[in-house]
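Trainee: test case, fold it:
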Amino acid sequence: MDNTELLVEKAKKTKKKEYISLADWFVRMDLAFNNASLPTIYPYLLTVGYDEAKLESYRSKLTQLKSLDQEHTKTRADKFESTEALNEKRREINPLYLQHRSLLKVLLGGNTLASVSMKLSGKRKKSYSEWFQDVSSFYTQLSQTPELAAHATSVGITPAVVEAQKQLLTELQTLKETQRKKTADARTATETRNRAFDELRQLYAEYIKYARILLAGNPMLKAIGITEKGK
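Mentor: Residues are numbered from 1 along each chain as shown. Purely as a prediction, here's the structure:
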């Protein structure tokens, strides 16, 4: 075998499976299940148990699957929207927090205890939970410690400013809870749709295998979406 043949053989082995979108699966299944009742096809399928009741149950499952897919699309959109709202609120809070942190870092640089308790030094946290904990603690200490509040006021971080930030943090937590729920809803919708699809795809695959055998060489195979190899 020369180099050219080796390359061709390797290409055949590594060829990826054709990707079929869910929308394409819907088209295939619609065609297969609806046209199965055609008088030129139905008698053949009936011999292996595909009576009208069974075919109708498949059509019902397909209708339900389409409905589940629509729910999946909706919950994903809701998740995206809630995440954007959360991130927007965080972007509203964070710049002012960083400014306040920097101001107090300069002002309280010699106060080691305050610097440590308010986390004025070190890396800023990136994860939401750690970031929220740091920011909440920062403003809680300013609102509950008169000495720190007095220092903060001297650089423009007044009690009113602190309370405004705390209010935004409360709103942020509400948005976070909404986002958690929307994320869970989207995950559930995805899992439910995928289970329904896997079940129906197996039924469809079995149906197609029977049809290929019973209608071998019959041009009516095309009516249920089957193209025989070499034709």
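Trainee: pLDDT weak spots in this protein?
Mentor: The chain contains residues with pLDDT under 70 at 1-16, 229-231.
Trainee: measure the nearest residue to Ile20 once chain neighbours are set aside to Tyr204 for me?
Mentor: Among residues not flanking Ile20 along the chain, Arg28 sits closest, at 7.9 Å (C-beta to C-beta, 6 or more residues apart in numbering). Every C-beta, even on glycine, is put in place using the N, C-alpha and C of the backbone. Here Arg28 is placed at a distance of 7 Å from Tyr204 (C-beta to C-beta, to the nearest Å).
Trainee: of these two, which one has the most company?
Mentor: Between Arg28 and Tyr204, counting by other C-beta atoms under 10 Å, Tyr204 is the more crowded of the two (20 against 17).
Trainee: gap between the more buried one and Lys166?
Mentor: 56 Å.
Trainee: again, but for Lys79
Mentor: For Lys79, the distance to Lys166 - C-beta to C-beta - is 27 Å.
Trainee: so for these two, which residue has more residues nearby?
Mentor: Lys79 (20 against 17).
Trainee: ok now do Glu81, which residues does it touch?
Mentor: Lys182 (C-beta atoms under 8 Å, 6 or more residues apart in numbering).
Trainee: at 10 Å instead, please
Mentor: 178-179, 182 (C-beta atoms under 10 Å, 6 or more residues apart in numbering).
Trainee: give me the nearest residue to the spatially most central residue of the chain, chain neighbours excluded.
Mentor: Against the mean C-alpha coordinate of the chain, by C-alpha atoms, centre = their mean, the closest residue is Arg76 at 5.7 Å. Excluding its sequence neighbours, the residue lying closest to Arg76 (C-beta to C-beta, 6+ apart) is Ala186, at 5.2 Å.
Trainee: okay, and that neighbour sits in which element?
Mentor: Using DSSP states H and E, the element containing Ala186 is helix 159-214.
Trainee: in stretch 43-53, what's buried?
Mentor: Using 16 or more other C-beta atoms under 10 Å as the test for burial, stretch 43-53 gives 44-45, 50.
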